[in-house]
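Novice: build me a model:
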Amino acid sequence: MAYQNPSVPIPPNPVFLDKAIGEIQTVLSGISWLTHVFGRSYIKVEMKPSEKRVPMVYKGASEYLPVQFNDNLQAQSFFEVGDEVLEGDYDQFILNYYKIETSLIVWANLKKIDSVKGNAYYFAEELKRDVRIALRDATLIYSQITITSIEENIDRIFQNYTFEQKEKQYFSYPYVGFKINFDLVISEECI
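Specialist: A predicted model of the protein is given here:
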């Protein structure tokens with residue numbers, strides 16, 4: 001289901017990983033062409049008409065918002081989160097750090113971003129650069145980011161989900177998708 005203008009929820013009073021992702025969402029929302037910066041996604045399995053794995057973000061009020069391709073939007077992103085791994089040995093008397101493999105999936109409609117430029121050339125590298133610079137130059141309070149790779153292969157970007165490209169080619173002009181993988185290091189908050 002495609003939404004015309006979905007809201008981009010950031011949890012109120014977030015802690016730990018949700019706090020770090022909310023901070024990164026705020027940084028990314030400074031990118032002019034990236035109109036919808038969604039938060040942490042969860043895989044939901046839809047059973048009708050057949051089993052389908054879909055990325056969704058929690059919208060609030062017990063509802064989830066699907067964040068797969070939406071050609072109503074200019075551009076959107078969402079986060080995938082891996083395991084929280086303790087760096088070193090746990091010590092209850094000092095600050096402990098956790099490393100979390102995280103990915104940011106970005107999907108955009110080049111025609112909606114700049115149709116003149118899009119007709120001239122496929123400017124995906126400019127979009128990747130903008131996101132990479134925003135992540136690299138961000139002054140984050142709650143976490144540190146180290147970019148490990150950037151992927152453009154559709155099969156790898158959306159390997160966790162079920163999707164069909166038969167009716168619409170979501171990975172040919174005017175559409176572009178990429179996945180930025182990074183290590184997110186978060187210190188455990190003292191309580």
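Novice: nearest spatial neighbour of the spatially most central residue of the chain, skipping sequence neighbours?
Specialist: Centrality entry for the chain: nearest residue to the mean C-alpha point is residue 78, 2.4 Å, by Cα atoms, centre = their mean. Closest residue to residue 78 apart from its sequence neighbours, by Cβ to Cβ, 6 or more residues apart in numbering: residue 38 at 4.1 Å. In this view, the C-beta of every residue, glycine as well, is placed from N, C-alpha and C.
Novice: what about whatever helix or strand that neighbour lives in, average pLDDT?
Specialist: Assigned by DSSP states H and E, residue 38 falls within strand 36-46. For strand 36-46, the mean pLDDT works out to 88.
Novice: bridge partners for residue 177, pull those for me.
Specialist: For residue 177, the beta-bridge partners are residue 107 (DSSP bridges).
Novice: quick one, what contacts the residue nearest to residue 101 when sequence neighbours are not counted?
Specialist: Spatial nearest neighbour of residue 101, chain neighbours left out: residue 82 (3.6 Å); criterion: Cβ to Cβ, 6+ apart. Contacts for residue 82 (Cβ atoms under 8 Å, 6 or more residues apart in numbering) come out as 100, 101, 102.
Novice: residue 98 and residue 184, how far apart?
Specialist: Noted for residue 98: a distance of 9 Å to residue 184, by Cβ to Cβ, to the nearest Å.
Novice: give me the more crowded residue out of those two.
Specialist: Neighbours were counted for residue 98 and for residue 184 using other Cβ atoms under 10 Å; residue 184 has more, 23 against 17.
Novice: I'd assumed residue 99 was in contact with the more buried one.
Specialist: Yes: counting by Cβ atoms under 8 Å, residue 99 is a contact partner of residue 184 at 7.3 Å.
Novice: so which bits of the strand holding residue 38 are buried?
Specialist: If you call a residue buried by 16 or more other Cβ atoms under 10 Å, then strand 36-46 has these buried ones: 36, 37, 38, 39, 40, 41.
Novice: give me the distance between it and the centre of its chain.
Specialist: How far strand 36-46 lies from its chain's middle: 9 Å, per Cα atoms, centre = their mean, to the nearest Å.
Novice: tell me what that strand is packed against?
Specialist: helix 16-28, strand 52-60, strand 63-66, strand 75-87 (3 or more Cβ pairs under 8 Å, 6 or more residues apart in numbering; DSSP states H and E).
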